[in-house]
Every structure is written in C-alpha cells, then in structure tokens.
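Novice: I would like to see how this sequence folds:
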Amino acid sequence: MKTTINEENSGLANLQGVTIACTDCQTGQMRRQYVTYYTWLGDELISVPDFPAWVCDVCGRREYDPHALNQLTLLLSPNAGKPTPRPPRKPMQKPMRKGPRPSRQE
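Specialist: Numbering: from 1, shown residues only. Sure thing, here's the model as predicted:
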C-alpha cells in the first residue's frame, strides 16, 4: 500500500504495517513509530513522549506526523486558551422612519 506522509489519517491502528520509502537515503523504509519529540519554547526545552513519527530503519530520518504537529503547535501557542480578539461592534443604526408619500397633484 502506497501512502504519503502528508495524509491526515486519524486512525493510527491502520497505519501499523504501512511502510514508505525513505526520501533521504532512498534505501530504507519509514515506519510509523512513537518517539519523544523535543522542541524549544522560549528558553525552555519541551519534551513530548509518545509522539507519532515516521522513522527510517536505515538512516534514522524522522518525519513527524503533520496532524500531531498542528495540534501541538496550537497547544503551545502563546494565545492558547485566550479568546480571539474581535473588533468592537458598532451600534446598530435605527432604520429611518418612512414618512407619508407625497401625493400627486393633478
């Protein structure tokens, strides 16, 4: 079964036996594994255990799951949990009252 890494697959169980040719060494096969993901947030090192990634069995290249990276980015963003800023509402204008129609003079 041929699969690309950029596909968003929510069911991780169906990806257990899937392999992808390594784009780096062109020899190995990349398999879905759970690894520890490290990233810097300011001056703090953040480690995330059991992070889904594709790992080459020959060269060790790692490609992290894009869906999981997006979720982690949302969680670690400085605005996480804060309401989104909205422009102030303008007060609604009352509709102009229609006056009587002018009558036709004959």
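
Novice: so what's the residue nearest to residue 33 when sequence neighbours are not counted up against?
Specialist: In space, and not counting its chain neighbours, residue 33 is closest to residue 55: 4.8 Å by Cβ to Cβ, 6 or more residues apart in numbering. The way it works is simple: take the backbone N, C-alpha and C, and place the C-beta from them, glycine included. Contact criterion Cβ atoms under 8 Å, 6 or more residues apart in numbering gives 30-31, 33, 35, 61-62 as the residues in contact with residue 55.

Novice: in a helix, that's where residue 55 is, yeah?
Specialist: No. Under DSSP: H, G, I helix; E, B strand; the rest coil, residue 55 sits outside any helix and is assigned strand.

Novice: may I have the beta-bridge partners of it?
Specialist: Beta-bridge pairing of residue 55 under DSSP bridges involves residue 31, residue 62.

Novice: in this structure, which spans are strands?
Specialist: Applying DSSP state E to the chain gives strands spanning 19-21, 29-41, 44-56, 62-64.

Novice: now do the third one: distance to the chain's middle.
Specialist: Average the C-alpha atoms of strand 44-56, do the same for its chain, and the two points are 16 Å apart (Cα atoms, centre = their mean, to the nearest Å).

Novice: and if you look at stretch 97-106?
Specialist: Here stretch 97-106 is found 60 Å from its chain centre; the criterion is Cα atoms, centre = their mean.

Novice: picking that back up, just so I know, which of the strands of the chain lies nearest residue 71?
Specialist: Across the strands of the chain, residue 71 has its closest neighbour in strand 44-56 (10.4 Å, Cβ to Cβ).
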